[in-house]
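1. Can you look at this prediction? I've put the sequence above it.
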Amino acid sequence: MKSINVKNLTITLGDGPKAVTILPNVSFSVEPGECFGLVGESGSGKSTILRCMSLLFKQWKGEIWLGNQSVRDMPLIERCRTVQMVFQDPYGSLHPRQSVRTVLWEPLRIHKLDRQKERMERAITEVGLPVEFLDRYPHQLSGGQRQRVAIARALILEPSILLLDEPTSALDVSVQAEILNLLADLRARKGFTYLMVSHDLAVVDYMCDRFAVMQAGDIVEILGRDALEDNKATHLYARQLIDASLEYDSAI
């Protein structure tokens, strides 16, 4: 298990008087084995933080530490073995012309890992799919099955940290619970550290130990899961966000 420490993460686009800061000195930490949520309205910077952490976006200042190592100083191979990402859209994150077997084999080939057949079969069964699905293509799978394959791809290198970018928001409601239960079970069995982006506070309540409320790129408050029940937030925006969620849940 590894911790996550983010300190003064800043992104400024442009120069001079036209420069725009989209992340202003964001700081937070995640304990080893914890599931930490990032919530807020669209455009608040939640997914951007994940992309900085995975170095999919590199034009940032500040510090991001995974365990006792700076993510910028980690060799590529080690970084990929430490942190993996599950994207929001299972339809777009899988190559339409690659079988599930190829999707899972590619990282094993790149990292020159042994027992490849055994690793692929273990990964696919760990996400609740039969071994026979290794020879299927994305168009032969449902949305939930595709997301399970995406999770298996993230697991194949045995990372200690998973970045979850709204992993159920593109799925039918009936399938969302299955994927959340899978993620919760994997964390319980393997001790993963999760950083989860979500706009759904019901998901945060089910999955996360703590969560940060973001507004316009800044973290306005960090709360424990119990803050959701009676809205114990102190920041005005955080209170409004939780109130809106509670009102919506009570109306359905």
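-> Done, it's in.

2. Let me see the ranges of the strands in this protein.
-> 4-13, 20-30, 35-39, 61-66, 69-70, 83-86, 161-165, 193-197, 210-215, 218-224 (DSSP state E).

3. The last one - contacts with which helices or strands?
-> When contacts are defined as 3 or more CB pairs under 8 Å, 6 or more residues apart in numbering; DSSP states H and E, strand 218-224 sits against strand 20-30, strand 210-215, helix 236-251. Glycine gets a C-beta too; all of them are placed from N, C-alpha and C.

4. repeat that for 6 Å
-> Secondary-structure packing of strand 218-224 (3 or more CB pairs under 6 Å, 6 or more residues apart in numbering; DSSP states H and E): strand 210-215, helix 236-251.

5. Other residues contacting it?
-> 24, 26, 210, 212-213, 233, 235, 237-238 (CB atoms under 6 Å, 6 or more residues apart in numbering).

6. That strand versus strand 35-39: what angle between them?
-> 140 degrees (axes from the mean of the first three to the mean of the last three CA atoms, to 10 degrees).

7. If you count neighbours, what's buried in strand 218-224?
-> Across strand 218-224, burial judged by 16 or more other CB atoms under 10 Å covers 218-223.

8. Give the burial count for E118, as a bare number.
-> The local packing of E118 (other CB atoms under 10 Å) involves 9 other residues.

9. should've said G14
-> Counted with other CB under 10 Å, G14 comes out at 9.

10. The closest residue to it other than its chain neighbours: how many residues sit nearby?
-> Distance criterion CB to CB, 6 or more residues apart in numbering; nearest residue to G14, sequence neighbours excluded, is V20 at 5.7 Å. For V20, the neighbour count with other CB under 10 Å is 9.

11. With the one 4 residues further on instead?
-> A total of 15 residues lie near P24 under the criterion other CB under 10 Å.
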